[in-house]
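Engineer: Build me a model:
(chains A and B)
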Number of protein chains: 2
Amino acid sequence: MNAWAQRVRQGDRRALARVLTWVENDTPEGRRALHDLFTATGRAHIVGITGPPGAGKSTLVAALARHLRQQRPQSRVGILAVDPSSPYTGGALLGDRVRLPADLVQDAGVFFRSMASRGAQGGLAPATQRAVQVLDAAGYDPIFVETVGAGQAEVDIMRLAHTVIVVQAPGLGDDIQAIKAGILEIAHILVVNKADRADAERTRRALEDMLRLGPGPDPTWTPPVLLTVATTGQGVPAVAEALAAHRQHLHRTGAWQRQDEARLAQALDAALRDALWQRWRATLPDEAYQAVLRALQRREISPAEAVARLLPPAPPPA
Amino acid sequence: MNAWAQRVRQGDRRALARVLTWVENDTPEGRRALHDLFTATGRAHIVGITGPPGAGKSTLVAALARHLRQQRPQSRVGILAVDPSSPYTGGALLGDRVRLPADLVQDAGVFFRSMASRGAQGGLAPATQRAVQVLDAAGYDPIFVETVGAGQAEVDIMRLAHTVIVVQAPGLGDDIQAIKAGILEIAHILVVNKADRADAERTRRALEDMLRLGPGPDPTWTPPVLLTVATTGQGVPAVAEALAAHRQHLHRTGAWQRQDEARLAQALDAALRDALWQRWRATLPDEAYQAVLRALQRREISPAEAVARLLPPAPPPA
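Structural biologist: Residues are numbered from 1 along each chain as shown, chains lettered A, B, ... in the order given. The predicted structure follows:
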């Protein structure tokens, strides 16, 4: 294990910040660190938090982190705030830019990182996955991953999580219910935040009605619908309990281990495909590749013919 | 070219229906047909239609097809309705199940197909792409691809389109605007349907305000915001004109050809990666693969070490 990985394992926050930048940019140093840290991963509870802008996701994550730190002073809580930085969904327009309250900024047991598309080499979801691995190896548990629940990157990111919390604000209209149906399908825990508003109870009932219409992501787990006022902390302990209960549920049913093994099998396949591609591509003169590509682009040959021209004949079956 | 592909090219609707089923299921016959039809693809204008359930997407597509057929009796219009068939977003709950009006069912110049997750081998987006290719080779132009704008499959499907129409119903609340921001980013044409409702004009202004806040998918194209009453056909000719204008824009700026070439380059890369993987995997005893995978899953070795164990050493650089 090299020095940087060692410093991360020992709790050095400056080393952690630097290694996170490397893995976000997928640099050689970052790949080296991930390799060195790998055997220490797989322990943290990864919790996705999603929901529409304005629902109060950041405030809820901060309140959860505060509660968990008070409950277990030895614990370390990681927070990754993912911002796709598009002209529309960037924080500026939506007034939902991620901030960490001052008490958490000063808490050495909380590590916060904002992940943006810029710098996230190879896509935001893979970059977030790498950052989660680093925090995991550094002993952060749970690790909250917060996104605006809109595009493809966010859906991919929520796949990383053991537990997904979907946060809503009161005031679901009929239209919005239908749109949010896709989000309900990924929710293990539903939270109606800003529950001091008059229509919070109605929104909770609407969500419970929707849940009755179809199973969530796991037929053996009934997603609770919880009310919170994240700004005051009201209802936050119940969310923390639901998180612990879902974690236990995953361990008890074996789902935790099955998901972990499936993820690693996928990671191996992806790494092998990349390696095979890079090795083969390094043996092929670029002109040969471009000539075949141009013939395909002029539709003189089909993709299948293009593959046949570029690859040597397949070996006979054994 | 084999007999099935020939019949598709000659306008045989029963052959077309059968070949579409094959490509949806990715059967050997389907792959053969795609290969045979490939040189005849790349002509059709592919138009994505998305938006929330209840906005009237299906009715608008039907009205557009009717208008285009009346304008150009020689034309053939293809419609693919994509239904992710999840327990929540399936048509039954949302009351938005796709139907084709009787006059279009009887019109030999219109071909309608409903694409469902079940049977869509390898994912709904690749299956839809294959179906678009078959309709394209069969001379259908434009080809409408309609989805509920929610999950990842839908975003992938919209990437297939030259032009994306986002349909809204009147009555955008403040909440819903933010959620829909992600959808605006992909819209080349915005339609407020059910414009006979009182608040249609307000919704149009809200959409125009949002468009002013940031560029759409193409900085050289300003998305028009159009009002329609699809059930009566009101406003539908203007949508058809906007479609034609965007098609011209894509040709004039060279974007049509650039996108086509980029798509084919991606298709070639994906096909090569698959072929390399399959060939390599066929040479490797499964026990050897499983042994390395298990060591990875026990976190005894990292993914990079697993790749190094499974692949022969890379050839020295030339």
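Engineer: residue ranges for the helices of chain A, please.
Structural biologist: Taking DSSP state H as the test, the helices found in chain A are A:3-9, A:13-25, A:28-37, A:57-71, A:91-94, A:102-105, A:124-137, A:152-158, A:174-184, A:200-213, A:236-253, A:255-283, A:286-297, A:303-310.
Engineer: Could you tell me the least trusted of those helices?
Structural biologist: Of all the helices of chain A, the minimum mean pLDDT falls on helix A:91-94 (a mean of 36).
Engineer: As a markdown table, the helices of chain A with mean neighbour count would be great.
Structural biologist: The way it works is simple: take the backbone N, C-alpha and C, and place the C-beta from them, glycine included. A markdown table is the format used below for the helices of chain A (neighbours: other Cβ atoms under 10 Å in any protein chain shown):
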| stretch | mean neighbour count |
| --- | --- |
| helix A:3-9 | 18 |
| helix A:13-25 | 19 |
| helix A:28-37 | 19 |
| helix A:57-71 | 21 |
| helix A:91-94 | 15 |
| helix A:102-105 | 12 |
| helix A:124-137 | 23 |
| helix A:152-158 | 22 |
| helix A:174-184 | 21 |
| helix A:200-213 | 16 |
| helix A:236-253 | 17 |
| helix A:255-283 | 15 |
| helix A:286-297 | 14 |
| helix A:303-310 | 17 |
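Engineer: give me the number of residues near A:P219?
Structural biologist: With neighbours defined by other Cβ atoms under 10 Å in any protein chain shown, the count for A:P219 comes to 7.
Engineer: what sits against the closest residue to A:I143 other than its chain neighbours?
Structural biologist: Distance criterion Cβ to Cβ, 6 or more residues apart in numbering or on different chains; nearest residue to A:I143, sequence neighbours excluded, is A:G78 at 4.0 Å. By Cβ atoms under 8 Å, 6 or more residues apart in numbering or on different chains, the residues touching A:G78 are A:44, A:110-111, A:113, A:132, A:135, A:138, A:140-144.
Engineer: I'd like to know the beta-bridge partner residues of A:G78.
Structural biologist: For A:G78, the beta-bridge partners are A:F111, A:I143 (DSSP bridges).
Engineer: one step back: check the contacts of A:G78 against chain B and report the nearest one.
Structural biologist: Distance to chain B, by Cβ to the nearest Cβ, is smallest for A:A44 among the contacts of A:G78, at 13.4 Å.
Engineer: Can you verify my assumption that that closest one contacts A:L135?
Structural biologist: Yes: assessed by Cβ atoms under 8 Å, A:A44 is found in contact with A:L135 at 6.9 Å.
Engineer: tell me the pLDDT at A:V82?
Structural biologist: 85.
Engineer: I'd like the distance between the residue nearest to A:I143 and chain B.
Structural biologist: 19 Å (Cβ to the nearest Cβ, to the nearest Å).
Engineer: Repeat that for A:V82.
Structural biologist: Distance from A:V82 to chain B, by Cβ to the nearest Cβ: 14 Å.
Engineer: With A:L250 instead?
Structural biologist: The gap separating A:L250 from chain B is 16 Å, by Cβ to the nearest Cβ.
Engineer: Over to A:V77?
Structural biologist: To chain B, A:V77 is 23 Å away according to Cβ to the nearest Cβ.
Engineer: give me every residue that touches that residue.
Structural biologist: A:65, A:68-69, A:109-111, A:140-144.
Engineer: let's see 6 Å
Structural biologist: A:65, A:68, A:110 (Cβ atoms under 6 Å, 6 or more residues apart in numbering or on different chains).
Engineer: what do you get for A:R299?
Structural biologist: A:R299 makes contact with B:39, B:42, according to Cβ under 6 Å, 6+ apart.
Engineer: Nearest residue to A:G48 in space, ignoring adjacent ones along the chain?
Structural biologist: Using Cβ to Cβ, 6+ apart, the closest residue to A:G48 is A:A161 (3.3 Å).
Engineer: Hmm, that neighbour is touching A:T50, no?
Structural biologist: No: with contact defined as Cβ atoms under 6 Å, A:A161 and A:T50 do not form a contacting pair (9.1 Å).
Engineer: ok, those two, which is more surrounded?
Structural biologist: A:T50 (25 against 22).
Engineer: Just want to check the distance between the more buried one and A:F111.
Structural biologist: Note on A:T50: its distance to A:F111, by Cβ to Cβ, to the nearest Å, is 20 Å.
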